[in-house]
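Engineer: Sharing a model prediction with you, sequence too.
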Amino acid sequence: MRHGKKFNHLGRKTAHRKAMLSNMAASLLLHKRISTTLAKAKELKKYVEPLVTRAKEDTTHNRRMAFSYLKNKEAIILLFGEVIEKVGTRPGGYTRIIKTGFRLGDNAEMCIIELVDFNELMLKDAQPAKKTTRRSRRGTGAAPAVAAPAAKTAAPAKEAKAEEPSAPEASAESTEESEEK
């Protein structure tokens, strides 16, 4: 019976599985995003997230422990440098899995696994959208009604210009005056 045995062996022997996860973790740290199958991504998430948590405290022991998992000096430098600067304040959840569909050859479910704070597209969506205003030829209601009679005589037009309305209203009034002439 296999009660309580939750580890996914991914159809590989132990040495092959460890080497594969080590290489995938190093690639994830170097490239910030990789495409793989969903089963491998879920196992990789369990492999990488404890390493990122360990990297929050930069000690010789933690560097050596991370190197024993990754076996790649460049990945260690990036993990303890650039990656921790971005995700160091998070309490967990350093990776994101995005499903992308099924592979043509064997219909395996594919996905992209990425480090959370390195996706510029998602970060743009997180910021509030800039409020846009609708431009109309009629103006804002009260201002054009006052400006239309003032345009008939020269003296009231100078008084309207002296008040200096805001930039969008000023451009709307100037276009209305030019249309009436």
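Structural biologist: Happy to help now that I have it.
Engineer: Could I get the full set of strands for the chain?
Structural biologist: 33-37, 95-102, 109-115 (DSSP state E).
Engineer: Distance from the chain centre to stretch 100-119, please.
Structural biologist: Mean C-alpha position of stretch 100-119 versus that of the full chain (Cα atoms, centre = their mean, to the nearest Å) differs by 17 Å.
Engineer: Could you do stretch 105-120 as well?
Structural biologist: 14 Å.
Engineer: Could you do stretch 78-86 as well?
Structural biologist: Counting by Cα atoms, centre = their mean, stretch 78-86 comes out at 17 Å from the chain centroid.
Engineer: Show me which residues of that stretch are buried.
Structural biologist: Within stretch 78-86, the residues scored as buried using 16 or more other Cβ atoms under 10 Å are 78, 79, 80, 83, 84. The way it works is simple: take the backbone N, C-alpha and C, and place the C-beta from them, glycine included.
Engineer: Next up, the contacts around the last one.
Structural biologist: In this case it means residue 84. Residues near residue 84 by Cβ atoms under 8 Å, 6 or more residues apart in numbering: 52, 55, 56, 58.
Engineer: repeat for the first one
Structural biologist: Residues in contact with residue 78, defined by Cβ under 8 Å, 6+ apart, are 29, 30.
Engineer: Now intersect the contacts of residue 84 with the helices, please.
Structural biologist: 52, 55 (DSSP state H).
Engineer: Just send the strands of the chain back as TSV, with mean neighbour count too.
Structural biologist: Output for the strands of the chain, formatted as TSV (neighbours: other Cβ atoms under 10 Å):
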stretch	mean neighbour count
strand 33-37	16
strand 95-102	14
strand 109-115	18
